[in-house]
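K.L.:
I would like the atomic coordinates for the input below:
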Amino acid sequence: MERREFFNACLGGLAGMNIFFTSGKRTFSIKDLKKEKEETDVLVKVLGTAQDGGLPQIGCYCKNCLRAREDQRFSRLISSLAIIDLGEKKYFILDATPDIRIQADIAFSRLALLKQGRKNFPDGILLTHAHIGHYTGLMFYGYESMSAHKLPVYCSSRMKSFLSSNGPWSQLVSLENISIHTLSMEKEFLLTPRISFTPFLVPHRNEYTDTLGFIISGDKRKLLYVPDIQSWEAWSRSIVKETRKSDVALLDGTFCSSEELPGRDLSKIGHPFIKTSLKTLKNVAEEGKTKIYFTHLNHSNLALDPEGEARKEVEEKGFGIASEGMEFFL
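P.N.:
Numbers count the residues shown, from 1 in each chain. Prediction:
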């Protein structure tokens, strides 16, 4: 079975699954998400949940990568979201990953707009930063591939400067394959009459650009998206307060613990451990208002094993591991 056929089968089967995780206060399930569908035409669909290198990662034969090669059910696309307005028949992609060819198909299929001879262009792309898993998919909209015309790209001023000044991305700008829209931090931006988003800065390894997180707002609910951050302590905001403001939070879960990459100083890579986040956000999870999921999972992540102790701890404490195909109605 080819990856696309497999992926469609997985997504089709997701609706019938009763995936749940519990805390002392409440149980969340796919049924909760179905109830929301009746209230709004705005949804966020998870297109990928892996760290920039994907799963399996090139050249790696660790336990997780071997399992993903042997059984595609355990493979993961790189972290990305589709922001969809079902009423307007529009969709936007948050982070253009190297897997964007598959991910754009998934988003387009969700709108039921697949027609022979029709080109599949999103209505815009939002970028968090310039690490390889978050923007390099833009290349597929260039001259050698789809050759888009003024595809809206929303990003920070530093990201705009990076794309405009460095090839091959500068060719996308000069040929008008993309049209860059500079975002003002903390300012709400309207995508459709039903959808808005607010960008904000987060600390990360900013070798080329700064790094953004987003609050995505629909008719009824808000979703917090922070796939990359140095640590919760390094941020000027309180992650506890920020998660409480949203109904759903998809947060940096790159590493579960310091055990995962022997011989490497994870403090230099810079991500909060899931085990740390479980303690930091313990009260928020127990309150039950905000559904908290971890995404951007490194190929080494202990929580990738669905039968492992790390996954059990996450779910028992009222959190979840994001999976491709999840939908959150806003």
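
K.L.:
so residue 170 sits against residue 163, correct?
P.N.:
Yes - Residue 170 is within contact range of residue 163, at 7.0 Å (criterion: CB atoms under 8 Å). For glycine as for every other residue, the C-beta is placed from the backbone atoms N, C-alpha and C.

K.L.:
and the nearest residue to residue 156 once chain neighbours are set aside, what does it touch?
P.N.:
Spatially, and ignoring its direct neighbours in sequence, residue 156 is nearest to residue 210 (5.4 Å; CB to CB, 6 or more residues apart in numbering). Neighbour list for residue 210: 129, 156, 158, 159, 201 [criterion: CB atoms under 8 Å, 6 or more residues apart in numbering].

K.L.:
and those, which two are furthest apart?
P.N.:
159 and 201 (11.6 Å; CB to CB).

K.L.:
more neighbours: which of those two?
P.N.:
Legend: neighbour count by other CB atoms under 10 Å for residue 159 and residue 201, higher for residue 159 (26 against 17).

K.L.:
what's around the closest residue in space to that one that isn't next to it in sequence, how many residues?
P.N.:
Excluding the flanking residues, the one nearest residue 159 by CB to CB, 6+ apart is residue 209, at 4.4 Å. Residues within reach of residue 209, counting by other CB under 10 Å, total 23.

K.L.:
name the SS class of residue 209, please.
P.N.:
coil (DSSP: H, G, I helix; E, B strand; the rest coil).

K.L.:
just the pLDDT at it, thanks.
P.N.:
The score at residue 209 is 93. That number is its pLDDT.

K.L.:
which residues touch residue 50?
P.N.:
When contacts are counted by CB under 8 Å, 6+ apart, residue 50 touches 76, 77, 78, 79, 133, 296, 297, 298, 299.

K.L.:
gap between the residue nearest to the last one when sequence neighbours are not counted and residue 285?
P.N.:
When you say that, I think you mean residue 299. Counting by CB to CB, 6+ apart, residue 299 lies nearest to residue 57, which is 4.2 Å off, once chain neighbours are set aside. In this view, residue 57 and residue 285 are 29 Å apart by CB to CB, to the nearest Å.

K.L.:
higher neighbour count, these two?
P.N.:
Remark: of residue 57 and residue 285, residue 285 carries more neighbours, 25 against 18, as counted by other CB under 10 Å.

K.L.:
for the strand or helix carrying that one, name the packing helices and strands.
P.N.:
Using DSSP states H and E, residue 285 sits within helix 282-287. Helix 282-287 is packed against helix 239-244, with contacts defined by 3 or more CB pairs under 8 Å, 6 or more residues apart in numbering; DSSP states H and E.

K.L.:
tell me the SS of residue 154?
P.N.:
Per three-state DSSP, residue 154 ends up strand.

K.L.:
chain center to the helix holding residue 285, what's the gap?
P.N.:
Put simply, helix 282-287 sits 22 Å off its chain's centre (CA atoms, centre = their mean, to the nearest Å).

K.L.:
go on, stretch 187-201?
P.N.:
For stretch 187-201 - counting by CA atoms, centre = their mean - the centre lies 17 Å from the chain centre.

K.L.:
now the end-to-end length of it.
P.N.:
Stretch 187-201 has an end-to-end distance of 12 Å (criterion: CA to CA, to the nearest Å).

K.L.:
contacts for it?
P.N.:
Contacts for stretch 187-201 (CB under 8 Å, 6+ apart): 40-42, 83, 85, 87-88, 90, 92, 123-124, 126, 154, 156, 183-186, 210-219, 237, 330.

K.L.:
out of the residues you listed, which are buried?
P.N.:
Among the contacts of stretch 187-201, those classed as buried by 16 or more other CB atoms under 10 Å are 40-42, 83, 85, 88, 90, 92, 123-124, 126, 154, 156, 183, 210-218, 330.

K.L.:
within the helices and strands, which one has residue 279?
P.N.:
Using DSSP H and E, the element containing residue 279 is helix 274-280.

K.L.:
tell me which other helices or strands that helix touches.
P.N.:
Secondary elements touching helix 274-280 (3+ CB pairs under 8 Å, 6+ apart): helix 309-316.

K.L.:
at 10 Å instead, please
P.N.:
If you count contacts as 3 or more CB pairs under 10 Å, 6 or more residues apart in numbering; DSSP states H and E, helix 274-280 packs onto helix 239-244, strand 248-252, strand 291-295, helix 309-316.
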